[in-house]
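Trainee: What shape does this take:
(one chain, ligands or ions: 1)
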Amino acid sequence: MSDKPVRVRFAPSPTGPLHMGGVRTALYNYLFAKKNNGTFIIRIEDTDQTRFVEGAQDYIMDALTWCGIEATEGPGIGGEYGPYVQSERKPMYKQYAIDLVTTDKAYYAFDTAEELDAVREQAKAMGMPNWQYNNVTRTSLKNSLTLSADDVKAKLDAGEQYVIRMKMPRNEDVRFQDIIRGWVVVNSNNLDDKVLFKSDGMPTYHLANIIDDHLMKISHVIRGEEWLPSAPLHILLYKAFGWDVPEFAHLPLLLRPDGNGKLSKRDGDRLGFPVFPTDWLSADGEKYSGYREAGYFPDAFINMLAFLGWNPGTQQEIFSMDELVQAFSLERVGKAGAKFDADKTKWFQQQYLRKMPNKELAILLGEELDKGFDQEALEKICGLMKERATFVKDIITEGIYLIERPTVYDKSIIAKKWKENSYETMTEWKERLMSLTEFNGPTIEIAFKSFLEMKEMGVGAVLPLFRFLLTGTAMGPSMFEIAEYLGKDECMDRMFEGLKQMEK
Ligand code: GLU
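Mentor: Numbering: from 1, shown residues only. Sure thing, here's the model as predicted:
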């Protein structure tokens, strides 16, 4: 690696919400920057006004904040290379494009959209469906390479619409070493004369991206594989300007769970999992669901994402952001597309919920409940239920009986276990419980065991009934702990009520 300071950027276009693949790109940039004592920058690439979506920039910034991916420079953050939104940099791009024309690396093209459509149609009719404006076809089109200098000047003076196109060199091998993919070689004859500067006075993505990466002193360009085909043009542009070329790393695609194609924004809700970090409501009223609102913790989401394309080379799977920073390297990012795995994603969430201290989990649980519980009770509920939950809301659904009394007892749950003498047995057990002076898990358990011995009954004949009377369910954590949590009075009331219902 060169000894230049590491400066990397995440450069989303605000054309909609940020797909989780975009979050992964941001994450890898962030991890790479932190690992190398570098700077992570966010730059908004909004030069394509036709694809601009209201609210998308705020969405991107909020989502990254939720993920804990914090930039040192960016919109709303500042930095010495700003502004960090390309539309705010608009006035400076044109001169760069004109400079390229002056040095014969680019040219003015005056062909109208209709004229180009006609040429394209003609080519199609002649069996060439993929017509391009390139180093062959440009010689017969309306541009500053074919028109006389006077004609060009006259057109410019008259304010005729034009674009500036890259003058792609003929038959030149463009080669670069991608950190993830190794050597990439493309012959310039396969590249078209891309538009660099548009007739609306805006640079295209390609031009603005190169200029900004240069001016912002970007050392490494880490971005999705879909940009690999643009890399040769970018390299030629750096060279055309006489600028240093940054290092490149093109990240593997995120694939659908079955490995069949790229994970697209519509897949998520269709296949039953979110593809966005947070909810997004589109202007036409369509809602796309996000991980935050689905109840995922940001660190679980990030841990999962880190593994989509990278691995640490060890068995360890749970990594905090700091641990990811320590372990991360681009050399351990694979070339092959990474399959998204919804079950594994849930597994990560489950692990994070389990390892969260009850104290912290209790606060989240309290926020989900409308009824007031004291912190101690919430912590106990969390302690009892966290092994059975993936999301905070599961603690409530799975452990609803810890939050409120069961009102209806569904007898069918216990039908097989409730025998003729069960009512008497449970009434006796209730009396036994009532007589306990110390009411906690261990004392209840001791009393329960001696009760079974006395009655000469097995655990299976009594414990499920006890659970049913106290909770209305057939499954859950230790009954002795549940009883301790509920307290003697509550247990008595519930058993009384439960027995009454079973009597009917
Ligand atoms: N604006 C591009 C995008 O939306 C950035 C590509 C790049 O990082 O060069 O993904």
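Trainee: Would you map the strands across the stretch 51-200 of the chain?
Mentor: Taking DSSP state E, counting those that start in this stretch as the criterion, the stretch 51-200 of the chain carries its strands at 106-109, 163-166, 173-178, 182-187, 195-197.
Trainee: now swap in the chain and tell me
Mentor: Under the criterion DSSP state E, strands of the chain are mapped to 7-10, 39-42, 106-109, 163-166, 173-178, 182-187, 195-197, 220-224, 247-251, 254-255, 280-281, 287-288, 338-339.
Trainee: Next, format those strands as JSON lines and append distance to the ligand and mean neighbour count.
Mentor: Every C-beta, even on glycine, is put in place using the N, C-alpha and C of the backbone. Supplementary listing: the strands of the chain in JSON lines, determined by distance: least, C-beta to the nearest ligand atom, whole Å; neighbours: other C-beta atoms under 10 Å:
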{"stretch": "strand 7-10", "distance to the ligand": "7", "mean neighbour count": "26"}
{"stretch": "strand 39-42", "distance to the ligand": "11", "mean neighbour count": "24"}
{"stretch": "strand 106-109", "distance to the ligand": "20", "mean neighbour count": "23"}
{"stretch": "strand 163-166", "distance to the ligand": "16", "mean neighbour count": "26"}
{"stretch": "strand 173-178", "distance to the ligand": "13", "mean neighbour count": "14"}
{"stretch": "strand 182-187", "distance to the ligand": "15", "mean neighbour count": "12"}
{"stretch": "strand 195-197", "distance to the ligand": "15", "mean neighbour count": "25"}
{"stretch": "strand 220-224", "distance to the ligand": "3", "mean neighbour count": "23"}
{"stretch": "strand 247-251", "distance to the ligand": "10", "mean neighbour count": "22"}
{"stretch": "strand 254-255", "distance to the ligand": "14", "mean neighbour count": "22"}
{"stretch": "strand 280-281", "distance to the ligand": "16", "mean neighbour count": "16"}
{"stretch": "strand 287-288", "distance to the ligand": "18", "mean neighbour count": "15"}
{"stretch": "strand 338-339", "distance to the ligand": "17", "mean neighbour count": "19"}
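Trainee: lowest-confidence stretch among these?
Mentor: Least confident of the strands of the chain, judged by mean pLDDT, is strand 287-288 with a mean of 91.
Trainee: who does it pair up with?
Mentor: strand 280-281 (antiparallel) (DSSP bridges).
Trainee: Residues of the stretch 151-300 of the chain that sit close to the ligand?
Mentor: Proximity of the stretch 151-300 of the chain to the ligand, by C-beta under 6 Å from any ligand atom, involves residues Y205, N209, R223, W227.
Trainee: Next one: K35 from I42, what distance?
Mentor: According to C-beta to C-beta, to the nearest Å, K35 stands 18 Å off from I42.
Trainee: So L263 sits against L255, correct?
Mentor: Yes. With contact defined as C-beta atoms under 8 Å, L263 reaches L255; the gap is 6.0 Å.
Trainee: Which neighbours do the two have in common?
Mentor: Residues within reach of L263 and of L255 at once, by C-beta atoms under 8 Å, 6 or more residues apart in numbering, are F340.
Trainee: low-scoring stretches of the stretch 251-400 of the chain, by residue?
Mentor: The stretch 251-400 of the chain contains no residues with pLDDT under 70.
Trainee: Just the helices from it, written as ranges.
Mentor: 267-271, 291-294, 298-306, 321-327, 342-355, 358-368, 375-385, 392-398, 400-403 (DSSP state H, counting those that start in this stretch).
Trainee: Turn those helices into CSV, including distance to Q122 and mean neighbour count.
Mentor: Formatted as CSV, the helices of the stretch 251-400 of the chain follow (distance: least, C-beta to C-beta, whole Å; neighbours: other C-beta atoms under 10 Å):
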stretch, distance to Q122, mean neighbour count
helix 267-271, 39, 16
helix 291-294, 50, 20
helix 298-306, 48, 23
helix 321-327, 54, 16
helix 342-355, 49, 17
helix 358-368, 64, 17
helix 375-385, 70, 19
helix 392-398, 61, 18
helix 400-403, 71, 17
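Trainee: Just tell me which of those ends up closest to T50.
Mentor: Closest to T50 of the helices of the stretch 251-400 of the chain, according to C-beta to C-beta: helix 267-271, at 25.0 Å.
Trainee: what's the spacing between E331 and the ligand?
Mentor: 20 Å (C-beta to the nearest ligand atom, to the nearest Å).
Trainee: That residue contacts I179, doesn't it?
Mentor: Yes. E331 lies in contact with I179 (C-beta under 8 Å); the separation is 7.2 Å.
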